[in-house]
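J.: Predicted coordinates and the sequence they were generated for:
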Amino acid sequence: MGRGAVGFGLGELDWGDSRQERAAAAGFLLRVLDLALSRHRWEELPYVPSRAEEHLRTYRTMVQDFDPETTQIGTGVLPGPQEAARASCVRHRVLSALPFWEACVFCTAED
């Protein structure tokens, strides 16, 4: 497990029940990826993400081409909105594997 959410398929995300909800969820994720591609807050990283832009562009294409209506949705692997507070490190503002781990990867690295 690396720094971030790894090892999941797009079909495991909660895309919503209606066509409008799925379009809104896809739009949100694409806006997040566009923000990351604009290098938003990259100056806070303690390293230079040399291949991040390439990976973000690939992931954005995957999200854009993904059709949740033709995929089995909702395996319950990732936290839903009601569990987001338990799965996010407030201090570092990253998705973590809480409650499965003691703390986020950055919190535990500081010990």
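T.: Cool, got the structure. Numbering: from 1, shown residues only.

J.: Which parts of this protein are helices?
T.: Taking DSSP state H to define them, one finds helices in the chain at 19-37, 52-65, 105-109.

J.: could I get these as a markdown table with distance to Cys89, mean neighbour count and mean pLDDT?
T.: All C-beta atoms are positioned from the backbone trio N, CA, C, and that covers glycine. As requested, the helices of the chain are exported to a markdown table (distance: least, CB to CB, whole Å; neighbours: other CB atoms under 10 Å; pLDDT from 0 to 100):
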| stretch | distance to Cys89 | mean neighbour count | mean pLDDT |
| --- | --- | --- | --- |
| helix 19-37 | 17 | 14 | 94 |
| helix 52-65 | 20 | 13 | 93 |
| helix 105-109 | 6 | 13 | 72 |
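
J.: how about those helices, which one is nearest His92?
T.: Nearest of those to His92, taken as CB to CB: helix 105-109 at 4.4 Å.

J.: Just name whatever secondary elements that closest one is in contact with.
T.: Contacting helix 105-109 under the criterion 3 or more CB pairs under 8 Å, 6 or more residues apart in numbering; DSSP states H and E is no other helix or strand.
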